[in-house]
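A.B. asks: Task: produce atomic coordinates for the following.
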Amino acid sequence: LDASDRAKLDRGTYLGELGPPVDGNQVNFWADKSGHHHHAYKESGSPTYESTGLNALPSINTSGDRFVISDSDESFDAWDKMTVFMVYQWNPAGFWVSHLWKGSEITTSSFQLQTMNLNHNQGQGVWYGTGDGSTRLNGGPITNGHDPIVITLTYDGTIDIPITKIYGNGFIQAGHGLSGTPVPSRLYSSPEDSVKFGNQNRFSEIMIFNDALGDTARQKIEGYLAHKWAMPHLLPVSHPYKNSGMMDGTTMALSEELPVGTPIIQMSELDPDYNASWTYSLTEANDSNDNQLFTFFELQDWTPAQLN
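C.D. replies: Numbering: from 1, shown residues only. The predicted model follows:
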């Protein structure tokens, strides 16, 4: 789910019914771009499109509102591996507020990403139900604030000692499994419940994988999201994509309909030699063949190179 792609948002109940929102419009439908048709539908409230809601970039404001992800009750049930990436900003709303979840009660839920006790730096953590109880992993101080964040949850129940980890802007904040509370080998079954998200948040992007991504893949996606949503400065100094985003000599994925002037990369960070050249090409992932809408130009001071 990507708020920067306005063509995947609709004011109606399905894509194309009423058309994309403009700033301040209600969003009732948010299309899944993965091709798996796990679209998000408004369940309650009036989620609002904000063209400059998160770091002056698009977001969906769910101030007390909720979305439900279609066909997620059984297909997302009882996973033994999962990775979640969220780019969001949560508004001050007290403690114990769920952001993304499957199941309605902590003791029976499949999982819940939730605000814990902020007075103890518990930040954004995760609960997983056991049917007759629950276990939880608190976040850390980086996930404790109200600033925009790239949060990553990885869970692997298939290894000898199942483990869950939470990262905030690429920094590992907490981990279960190698010590402390045991991690279940499979998320508790809750086939009657769909995955939902919302409450007091601004969401810009959500990715959910039925896999426990390794560090290389995790860092690549974190780098992509941090650069896309204007947060690379928040990544660790040691992060392989802090300065260069996805510019690793392979490919760089860009969403269409980014706001005019969206910064992509600082050339001075890519290569200190200002006389260096950069060769690039554009390929389309679908059949629209509208690459002519992209133009690359360099500002005189090289700060930053931009796509228009």
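A.B. asks: And the strands in the stretch 101-250 of the chain?
C.D. replies: Along the stretch 101-250 of the chain, the segments classed as strands by DSSP state E, counting those that start in this stretch run 111-115, 124-129, 134-137, 149-156, 163-168, 171-176, 195-209.
A.B. asks: list the helices and strands the last one packs on?
C.D. replies: Same thing as strand 195-209. If contacts are counted by 3 or more CB pairs under 8 Å, 6 or more residues apart in numbering; DSSP states H and E, strand 195-209 sits against strand 40-44, strand 48-54, strand 57-69, strand 81-90, strand 98-102, helix 215-228. From N, CA and C alone the C-beta is placed, and that goes for glycine too.
A.B. asks: hmm, back to that, of the strands of the stretch 101-250 of the chain, which approaches residue 230 most closely?
C.D. replies: When the strands of the stretch 101-250 of the chain are compared by CB to CB, strand 195-209 sits nearest residue 230, at 10.1 Å.
A.B. asks: mean confidence score for the closest one?
C.D. replies: Mean pLDDT, strand 195-209: 94.
A.B. asks: what angle sits between it and strand 57-69?
C.D. replies: Strand 195-209 runs at 110 degrees relative to strand 57-69, counting by axes from the mean of the first three to the mean of the last three CA atoms, to 10 degrees.
A.B. asks: out of the strands of the stretch 101-250 of the chain, nearest to residue 44?
C.D. replies: For those, proximity to residue 44 was assessed by CB to CB; strand 195-209 is nearest, at 8.0 Å.
A.B. asks: How far does that closest one sit from its chain's centre?
C.D. replies: 7 Å (CA atoms, centre = their mean, to the nearest Å).
A.B. asks: again, but for stretch 166-180
C.D. replies: On CA atoms, centre = their mean, the centre of stretch 166-180 falls 17 Å from the chain's centre.
A.B. asks: List of residues touching it?
C.D. replies: 123-126, 135, 137-143, 149-154, 161-165, 182-183, 218-219, 222-223, 226, 231, 234-236, 239, 242 (CB atoms under 8 Å, 6 or more residues apart in numbering).
A.B. asks: quick revisit: relative to residue 30, which of the helices and strands packed on strand 195-209 is closest?
C.D. replies: Of all the helices and strands packed on strand 195-209, strand 40-44 sits nearest to residue 30, with 4.0 Å by CB to CB.
A.B. asks: Report all helices and strands that that closest one contacts.
C.D. replies: Taking 3+ CB pairs under 8 Å, 6+ apart as contact, the helices and strands that strand 40-44 lies on are strand 29-30, strand 57-69, strand 195-209.
A.B. asks: Just checking: what are the partner strands of that strand?
C.D. replies: Sheet pairing of strand 40-44 (DSSP bridges) gives strand 29-30 (antiparallel), strand 57-69 (antiparallel).
A.B. asks: List the buried residues for stretch 163-183?
C.D. replies: For stretch 163-183, a neighbour-count test (16 or more other CB atoms under 10 Å) marks 163-171, 173-177, 183 as buried.
A.B. asks: And for stretch 60-79?
C.D. replies: So for stretch 60-79, counting by 16+ other CB under 10 Å, buried means 60-62, 65-70, 72-73, 76-77, 79.
A.B. asks: quick one: which of those is nearest residue 110?
C.D. replies: Closest to residue 110, out of all of those and judged by CB to CB, is residue 77, at 6.7 Å.
A.B. asks: Isn't that closest one up against residue 186?
C.D. replies: No - contact criterion CB atoms under 8 Å: residue 77 and residue 186 do not qualify, at 9.8 Å.
A.B. asks: Going by distance to residue 53, which of the buried residues of stretch 60-79 wins?
C.D. replies: Closest to residue 53 out of the buried residues of stretch 60-79 is residue 61 (5.9 Å), distances taken as CB to CB.
A.B. asks: these two touch, right, the closest one and residue 52?
C.D. replies: No - using CB under 8 Å, residue 61 makes no contact with residue 52, being 11.3 Å away.
A.B. asks: Pick out the most distant pair among the buried residues of stretch 163-183.
C.D. replies: Farthest-apart pair in the buried residues of stretch 163-183 is 169 and 183; separation 23.2 Å (CB to CB).
A.B. asks: Now do the contacts for the nearest residue in space to residue 130 that is not next to it in sequence.
C.D. replies: Spatial nearest neighbour of residue 130, chain neighbours left out: residue 188 (5.9 Å); criterion: CB to CB, 6 or more residues apart in numbering. Contact analysis of residue 188 by CB under 8 Å, 6+ apart lists 78, 103, 108, 109, 110, 128, 129, 130, 131.
A.B. asks: Could you give me the PyMOL selection string for whichever of those are buried?
C.D. replies: Entered in PyMOL, the line below selects the buried ones among those, by 16+ other CB under 10 Å:
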select buried, resi 103+108+109+110+128+129
